[in-house]
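Chemist: What follows is a predicted structure for the sequence shown.
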Amino acid sequence: MIRIAIVEDDRTSRQELTDYIRRYEQESGETIQITSFEDGEDIVTNYQAVYDIILMDIEMRFMDGMTAAEKIRGMDEEVAIIFVTNMAQYAIRGYAVNALDYVLKPVSYFAFSQRLDRAVSRIRKKEKHYLVIRVKGGSKRIATEDIYYIESQGHTLFVHTKDGTHETSGTMKEMEEKLESFHFCRCNKGYLVNLEHVDSIQNGCVTVGGDALAISRPRKKIFQETLAAYMNEVLL
C-alpha cells in the first residue's frame with residue numbers, strides 16, 4: 001500500500017487531488033491510503049514518518065509549503081515531496097528540500113498522473129522495509145537493513161544503526177514481533193541482532209556493527225542455528 005498525504009488549504013483543490021488519486025488507483029491497480037491536511041503547520045505538528053508521498057501546496061495561510069517541507073526533511077529523508085502550485089519560480093526552489101517534482105495549477109490529470117507514476121516507480125525501486133519508532137518530539141522511520149542491533153534496558157530500547165543510536169520505549173518482545181520477517185534473532189535477553197550485519201562469532205560473543213555482544217548459554221544453540229540458516233539462504 002502507498003500512503004499519500006495531501007497538504008492543501010483550498011477545499012476544492014484538495015478534493016480534485018483526491019479524485020485524481022482515486023482515478024490513478026483504479027488505472028494502476030495500486031492500493032493508496034490518503035490523509036489530508038489543511039495547512040503546512042498541521043502536518044508538521046507531531047509529524048509521523050509514515051507517508052510515501054506528500055503532495056504539498058506552497059502558498060498556505062499559517063505555514064507555507066516550503067517551510068513545512070524543510071521541517072519534514074529534518075525528520076524524514078525518504079518521503080517523496082511533490083509541490084502543487086501556481087507559481088513555478090517557487091516550485092523550482094524545491095531542490096533545497098530534495099523535492100521529487102512539482103506540478104502547476106490548474107492541475108490536469110495527465111500531468112498529475114505522470115508525476116505520481118514517477119514517484120510510485122521510485123518507491124518501488126527503492127522498496128525498503130522500515131521500522132517506525134517513537135522518539136522525543138514525534139517518530140522516526142528507520143530502514144530495517146540499516147539496523148545493527150537493538151538493545152534493551154528495562155522498558156527503554158536503544159536502536160543501534162549505521163547512522164547512530166536512537167532511544168525509544170517499548171519491549172523486546174514487541175520488537176521481535178515487528179522484525180520477525182527480517183532476519184533478526186536474540187543472542188541474549190538484552191540484544192536483538194540483525195543477522196545481515198554479523199561479522200563473527202568468537203569467545204562466546206557475536207560481533208555486529210563493531211560491537212561484541214555476549215551470547216547467552218540458553219540462546220547459543222538457537223542463535224547459531226538461525227545464523228547458519230540465514231547464511232545458507234544468502235549463499236543460495
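Modeler: Okay, I see it. Numbers count the residues shown, from 1 in each chain.
Chemist: Surely Tyr109 is in contact with Ile21?
Modeler: No. Using Cβ atoms under 8 Å, Tyr109 is not in contact with Ile21, being 10.4 Å away. Every C-beta, even on glycine, is put in place using the N, C-alpha and C of the backbone.
Chemist: gap between Arg195 and Ile142?
Modeler: Careful, residue 195 is Leu; it's not Arg. 17 Å (Cβ to Cβ, to the nearest Å).
Chemist: about what we covered before: which residue of Tyr109 and Ile21 possesses the greater neighbour count?
Modeler: Ile21 (22 against 14; other Cβ atoms under 10 Å).
Chemist: helix/strand/coil for that one?
Modeler: With DSSP: H, G, I helix; E, B strand; the rest coil as the basis, Ile21 sits in helix.
Chemist: Verify the stated contact: it with Arg115.
Modeler: No. Contact between Ile21 and Arg115 fails when scored by Cβ under 8 Å: they sit 11.5 Å apart.
Chemist: shared neighbours, those two?
Modeler: Shared contacts of Ile21 and Arg115, defined by Cβ atoms under 8 Å, 6 or more residues apart in numbering, are absent.
Chemist: Okay, domains of this structure per the record?
Modeler: 2-125, 130-235 (automatic domain parsing).
Chemist: What distance do you get for the residue lying farthest from the centre of the chain to Leu213?
Modeler: The outermost residue of the chain, judged against the average C-alpha position, is Asn203 (36.6 Å), by Cα atoms, centre = their mean. Using Cβ to Cβ, Asn203 is found at 12 Å from Leu213.
Chemist: Just the element for the residue most central in space within the chain, please.
Modeler: In the chain, the centroid-proximal residue (Cα atoms, centre = their mean) is Arg141; its distance is 4.2 Å. Assigned by DSSP states H and E, Arg141 falls within strand 138-143.
Chemist: same thing with Gln15?
Modeler: helix 11-28.
Chemist: Does the helix or strand that that helix is followed by pack against any helices or strands, and if so which?
Modeler: Using DSSP H and E, the next helix or strand after helix 11-28 towards the C-terminus is strand 32-37. Judged by 3 or more Cβ pairs under 8 Å, 6 or more residues apart in numbering; DSSP states H and E, the packing partners of strand 32-37 are strand 2-7, helix 11-28.
Chemist: how about low-confidence regions in this structure?
Modeler: Along the chain, segments meeting pLDDT under 70 span 88-96, 125-128, 233-236.
Chemist: if we go to 50?
Modeler: 235-236 (pLDDT under 50).
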